[in-house]
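Student: Just need the structure, nothing else, for what follows:
(chains A and B)
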Amino acid sequence: MTVKFGMISFAHGHADSYAEIIKGNSSNGEGETKDPLSEIVAISDNDERRGLDRSKKFGCKYFRHYEEMLENVEIDAVVIASENSMHKNQVVASARARKHILCEKPIAITIDQLSEMKDELEKNNVIFQTAFVMRYASPVLEACSILKEGKLGEIKAISATNHGKYPGGWFGKRELSGGGAIMDHTVHVADLIRLFTGDDFGQVRASSRKNLRSELVVEDVGLLYAKMKKTGIPVSIDCSWSRPDAWPIWGDLIIELVCEKGVLKIDCFRPHMDVALNGGSFFWKGVGEDYNEKMISSFCDSIERKKLSSIGAGFDDGAKAGLVALAAYSSLNRESSYVDLPSMVTVPKSA
Amino acid sequence: MMNPVSSSSAVNIGIIGLGHAGMSLHLPKLCRNTRASILAVADIQDERLTKFSLAYPNLKVKKVRDYQELLEDEKIQAVFVTSPTPTHFEIAMDALRAGKHVFCEKPISSSVEEATQLVQEAESRSQSQVLMIGHVIRYWPDYVAIKRTIDSGTIGEPVIARAYRAIRMPDGWEDFYGKSDQSGGVLFDLSIHDIDFLIWCLGNVSSVYAQGGHLSGRGDRDLIDYAQVHLDFESGAMAYVESNWAVPKSFPFTTAFEISCRGGMVSVSNSQAHSSMELTMDDQEKLIRNPWERDGYFLEEDAFLDSVTSTPHGSPIAPKDALYSLKVANAARESIHYNGKEVFPK
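Tutor: Below you'll find the predicted structure:
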């Protein structure tokens, strides 16, 4: 089955990678062209220049408004990679139009948004996948199977980092992003920690003081401390955009699991080759598999089987990881003490 | 009273405690330092004294079981207290009162009260005697490079730091490490290195909170063998300090430090990527290290010898600084005991 995709926005840089993969190209612009996984039928983007540029590049129709795209074109699924604050309306509209949805993280920036999305998704029988691409990373899969074997015993403590450079653009505008580093970089690791522990976050506290980039209005540093719900084990997450521009890679995703019978550490972006260019540029280039490609391919399979794959992150996964970031913000406001993870209350149906 | 010492002559030294710190960390470096002359060693265990004789057959020194005997020796000007943590206070106190200059391994004590008394004693004698607490990280080449880079201003104002230190809880004399009141747990043994270094770089701490606890099942039930410590500094910077004793025996000693500042970041670690030597032998854990000829131990000993031989004496690491680092580590301990309560160390 070839899935017909409509792309909603290229505001998030990942959209380009996803589109390339759907077209059968490797997402880093190298390597062989494969048989297209699927096809891109249309693109919508509220940035007209960007949208027209991509429609030319990917050879498909362009719409200024996603609502028009949803109404007028025959598509099976949408990829939502807009600014965080816009996800909710786009998810709701896509669900109503009975399109399957792959949504960039964080899937929403408020509890109300999450509740409204949940409500609408439950009413319409569509597949919703949160783009938690790290679930497809081999070190993550390997860690899951090692943990499942039980040789390490129980997990006793976890420390994680998801460092990054400042992504720039709308990520620095609170009304579009919903927040800075905490909003952007908490959820991937929070999701993996839920996956590894089979437990939810119980309590969260966070600290964020002065910024590295004084001109930024959103926070660019954050340290989260948490206790898991059932076991109470301590967890720390450093979600800071603390990597300078000259850092040889965008950032990292590292998780260390201190277990009864050993320590397991994964460093997902460590496999790399060093690249040095005349003119002064030095950087790491990833080697091996493309995690994005595995995710898109799995999403297409899910659509074919009419059920989200067991590895894919669904709406609840996206929401529960998102709540960790939201709890971190509310702990900041209460001046650093643990806050309980909020629950989603379904909002009454609006007119 | 001490005899005045001219800066050209070697300092006569006694070493109290021939465990890991005395035997493996300090002795090899002190033997190479021409400014140090070892006259006596003390250890309550005969087998350690024997081991010492076998390891240093050419070193003609007095070997005693009772450190008091060593302190009574008037030729000895300075002592190295490299005994287990719970004995630091008594031995260092006796040594000061015997008129010796004192180098004491970190932590200064496992009790803030004892440490406070010891610092008072040292300060009352600071005109004539030195008390230096061996916070060796202040002399460790890669950490020194970090400190110098921060101080130079090239990377701007510090904002967020991250420190990591892990090794299996050592065995120690009569398993003292596993006894919370004797060793102070991982916070007083490992975290204190990074806490002290961070304070040295970033200044006073305004508040502390921490989570962690007893993970490994080894040692006392109330022993903290794993900690995640959050430090807020008066400067507005913050730091995360993770320390772990709850690792398998085969887990290599691992350290890492990074600090992000407004103009850039610097990071170091003892991993392969930052080291100059790898040693692999049959049936032994691979060893990755930087075999500095003048490593942190040599340099801190040298700084101590410097302060002993120069006037006025000034401890390279002020005793009150070591006390402050202990108080911050103790604040983290208190925070863990009270479910993450924010503590304001003074």
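Student: where does the residue of the stretch 1-150 of chain A found nearest chain B fall, phi/psi-wise?
Tutor: Using CB to the nearest CB, the single residue of the stretch 1-150 of chain A nearest to chain B is residue A:146, 14.2 Å away. Bear in mind the C-beta positions are built from the backbone N, C-alpha and C, glycine included. For residue A:146, the backbone dihedrals (degrees, to the nearest 10) come out as phi -60, psi -40.
Student: quick one: the helices in chain A?
Tutor: A:14-22, A:48-58, A:66-72, A:87-96, A:111-123, A:138-149, A:174-177, A:181-185, A:187-197, A:291-305, A:315-333 (DSSP state H).
Student: now for the fifth one, which elements pack on it?
Tutor: Right, helix A:111-123. Here helix A:111-123 is seen to pack against helix A:87-96, helix A:315-333 when contacts are counted using 3 or more CB pairs under 8 Å, 6 or more residues apart in numbering or on different chains; DSSP states H and E.
Student: Reformat those helices as JSON lines; add distance to chain B.
Tutor: Formatted as JSON lines, the helices and strands packed on helix A:111-123 follow (distance: least, CB to the nearest CB, whole Å):
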{"stretch": "helix A:87-96", "distance to chain B": "29"}
{"stretch": "helix A:315-333", "distance to chain B": "11"}
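Student: pretty sure residue B:12 is in contact with residue B:78, am I right?
Tutor: Yes: look at residue B:12 against residue B:78 with CB atoms under 8 Å: they come within range, at 7.2 Å.
Student: ok, those two, which is more surrounded?
Tutor: residue B:78 (25 against 20; other CB atoms under 10 Å in any protein chain shown).
Student: Get me the contact residues on the stretch 101-250 of chain A for chain B.
Tutor: A:156-157, A:159, A:161, A:205, A:207, A:209-214, A:221, A:223, A:225, A:227, A:234, A:236, A:238, A:240, A:242-244, A:246-247 (CB under 8 Å from any CB of the partner chain).
Student: Could you rerun that using 6 Å?
Tutor: A:156-157, A:159, A:207, A:209-210, A:212, A:221, A:223, A:225, A:234, A:236, A:240, A:242, A:244 (CB under 6 Å from any CB of the partner chain).
Student: Looking at residue 300 now. What's its pLDDT?
Tutor: Assuming you mean chain A. Per-residue pLDDT puts residue A:300 at 95.
Student: oops, chain B please
Tutor: So residue B:300 comes in at 97 (pLDDT).
Student: Spatially, which residue comes closest to it, not counting chain neighbours?
Tutor: residue B:139 (4.3 Å; CB to CB, 6 or more residues apart in numbering or on different chains).
Student: how about that neighbour, what does it touch?
Tutor: By CB atoms under 6 Å, 6 or more residues apart in numbering or on different chains, residue B:139 lies in contact with B:296, B:299, B:300.
Student: Could you list the low-pLDDT ranges of chain A?
Tutor: A:26-37, A:335-336, A:345-351 (pLDDT under 70).
Student: domain assignment for it?
Tutor: A:4-133+A:293-310, A:135-289+A:321-340 (automatic domain parsing).
Student: Now find how far off-centre the shortest one is within its chain.
Tutor: Same thing as domain A:4-133+A:293-310. 13 Å (CA atoms, centre = their mean, to the nearest Å).
Student: ok so, going back, the residue of the stretch 1-150 of chain A closest to chain B: neighbour count?
Tutor: Residue A:146 has 17 nearby residues by other CB under 10 Å.
Student: Chain B: strands as residue ranges?
Tutor: Assigned by DSSP state E, chain B shows strands spanning B:11-16, B:36-42, B:62-64, B:78-81, B:101-105, B:131-134, B:158-166, B:205-213, B:226-233, B:238-244, B:254-261, B:264-269, B:277-279, B:287-289.
Student: Could you check how far residue B:109 is from chain A?
Tutor: 27 Å (CB to the nearest CB, to the nearest Å).
Student: If you tally nearby residues, what's the number for that residue?
Tutor: 28.
Student: try the one 4 residues further on
Tutor: Neighbour count of residue B:113, defined by other CB under 10 Å: 9.
Student: Could you measure from it over to residue B:92?
Tutor: 14 Å (CB to CB, to the nearest Å).
Student: where's the closest residue to residue B:236 other than its chain neighbours relative to residue A:163, distance?
Tutor: Spatially, and ignoring its direct neighbours in sequence, residue B:236 is nearest to residue A:210 (4.4 Å; CB to CB, 6+ apart). Remark: distance between residue A:210 and residue A:163 (CB to CB) = 17 Å.
Student: what's the answer for residue B:219, then?
Tutor: Residue B:219 is 33 Å from residue A:163, by CB to CB.
Student: swap in residue A:309?
Tutor: Applying CB to CB to residue A:309 and residue A:163 gives a distance of 29 Å.
Student: Equivalent analysis for residue B:256, please.
Tutor: Taking CB to CB, one finds residue B:256 at 13 Å from residue A:163.
Student: picking up where we left off before, could you say which of the helices of chain A is packed most deeply?
Tutor: Mean neighbour count (mean count of other CB atoms under 10 Å in any protein chain shown) peaks for helix A:181-185 among those, with a mean of 27.
Student: Would you mind putting the strands of chain B into TSV with distance to chain A and mean pLDDT alongside?
Tutor: Putting those into TSV (distance: least, CB to the nearest CB, whole Å; pLDDT from 0 to 100) gives the following:
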stretch	distance to chain A	mean pLDDT
strand B:11-16	35	98
strand B:36-42	37	97
strand B:62-64	41	97
strand B:78-81	32	98
strand B:101-105	27	98
strand B:131-134	28	98
strand B:158-166	5	98
strand B:205-213	4	97
strand B:226-233	5	98
strand B:238-244	5	98
strand B:254-261	4	97
strand B:264-269	5	95
strand B:277-279	18	85
strand B:287-289	16	84
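Student: I'd like the ones you listed as a markdown table, with distance to residue A:290 appended.
Tutor: Compiled in a markdown table, those are given as follows (distance: least, CB to CB, whole Å):
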| stretch | distance to residue A:290 |
| --- | --- |
| strand B:11-16 | 59 |
| strand B:36-42 | 59 |
| strand B:62-64 | 66 |
| strand B:78-81 | 57 |
| strand B:101-105 | 51 |
| strand B:131-134 | 50 |
| strand B:158-166 | 29 |
| strand B:205-213 | 36 |
| strand B:226-233 | 33 |
| strand B:238-244 | 32 |
| strand B:254-261 | 28 |
| strand B:264-269 | 28 |
| strand B:277-279 | 32 |
| strand B:287-289 | 32 |
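Student: Good, wrapping up.
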